[in-house]
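Asker: Got a predicted structure plus its sequence, pasted below:
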Amino acid sequence: MTSIGICAKIGSKRALEAAADTARAMRKRGIAVNFDLSTAHALHLDDAREFSKPELGPNSDVLIVFGGDGTLLSVARYAPSHVPVLGVNMGTLGFITEIRAKEYEKVLDDVIDGNYAAEDRVTLDVEVSGINGELRYRVLNDAVINKGALARIATMTVDVGGKFVSTFRADGLIVATPTGSTAYNLSAGGPIIYPTMKAIVITPICPHMLTNRPIVLADDQAIDIRLVSPVREVFLTLDGQEGIPLHGSEKIHIAKAATTIRIVQSPDKNYFDVLRNKLKWGEGK
């Protein structure tokens, strides 16, 4: 391992301090340190090796992210399949950033030595075809069609594997990976899916018909969504990071990506430990 990429939540003093300390420690070991542009700027580094977030992962042997799940999503979804991503949570425990600040140095040493556990998480390719041509994105959590607060209910048709499923009239629609099942999908009443299951879930947001329920699919099924008629204030949001206004003529094609994201696991906790902590299971007894 010759290089490490660092991204920190720039609004967190603790995250920036941890990023700076880690960079100094890695340089002493002869490992080159790369920063994303915003982290380098926040640390006032004039001579740093700087990359945009889409380029940070491809130019690093490992990525370490100091912050929360949102910070990790902002950079990890661009990472190649072979680059491990170590998410260090600087606040409350995250669903993806499950490594606590007090344990990350030992975990990072293990990653550098090649002695670590990781899960390969499925990602989705999202293609949007419409008046602006064809746009392509990659998501780790979800792709969400959502309307503004004052917009009318959106009407959407959904096809899976070339077969018509239904017409949904709802405030929106979520297509989530197992990793993203504990994000917006969970808030909208969708199921929790174990992170390594080969599945995708479609969850309507506040559907007009109460019989429109979440649908769990095999992850090799392609999903096509169309807005039936032009609607104002409807957006496609990708991992909660990017928003694209929709005009009603677009076709949204979602399929399993060829690449995965390798998330480094904590040696001291498992997925169910995280669920119990985040969702407060068993409390109040």
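Answerer: Cool, got the structure.

Asker: Now do the helices in the protein.
Answerer: 13-28, 37-42, 53-56, 69-76, 104-113, 184-187, 271-279 (DSSP state H).

Asker: chain center to the first one, what's the gap?
Answerer: For helix 13-28, the separation from the chain centroid amounts to 24 Å (computed by Cα atoms, centre = their mean, to the nearest Å).

Asker: what bits of the protein have low per-residue confidence?
Answerer: For the chain, the stretches with pLDDT under 70 are 93, 149-151, 230-231, 284-285.

Asker: How is it partitioned into domains?
Answerer: Following automatic domain parsing, one finds the domains of the chain at 3-117+265-279, 123-258.

Asker: Quick check: end-to-end length of the first one?
Answerer: The separation between the terminal residues of domain 3-117+265-279, taken as Cα to Cα, to the nearest Å, is 36 Å.

Asker: again with stretch 99-118
Answerer: By Cα to Cα, one end of stretch 99-118 lies 12 Å from the other end.

Asker: Give the buried residues for it.
Answerer: Buried residues in stretch 99-118, counted by 16 or more other Cβ atoms under 10 Å: Ile99, Tyr104, Val107, Leu108, Val111, Ile112, Tyr116. Heads up, the C-betas are built off the backbone N, CA and C, glycines and all.

Asker: quick one: which of the helices of the chain is nearest Asn132?
Answerer: Closest of those to Asn132 is helix 53-56, at 19.5 Å (criterion: Cβ to Cβ).

Asker: Return the list of helices and strands in contact with that closest one.
Answerer: strand 3-8, strand 32-36, helix 69-76 (3 or more Cβ pairs under 8 Å, 6 or more residues apart in numbering; DSSP states H and E).

Asker: How about the second one, which residues are buried there?
Answerer: Neighbour-count burial for strand 32-36, with 16+ other Cβ under 10 Å as criterion, is recorded at Val33, Asn34, Phe35, Asp36.

Asker: wait, what's in contact with the second one?
Answerer: When contacts are counted by Cβ atoms under 8 Å, 6 or more residues apart in numbering, Asn34 touches Ser3, Ile4, Gly5, Ile6, Ala48, Arg49, Glu50, Phe51, Leu56, Asn59, Ser60.
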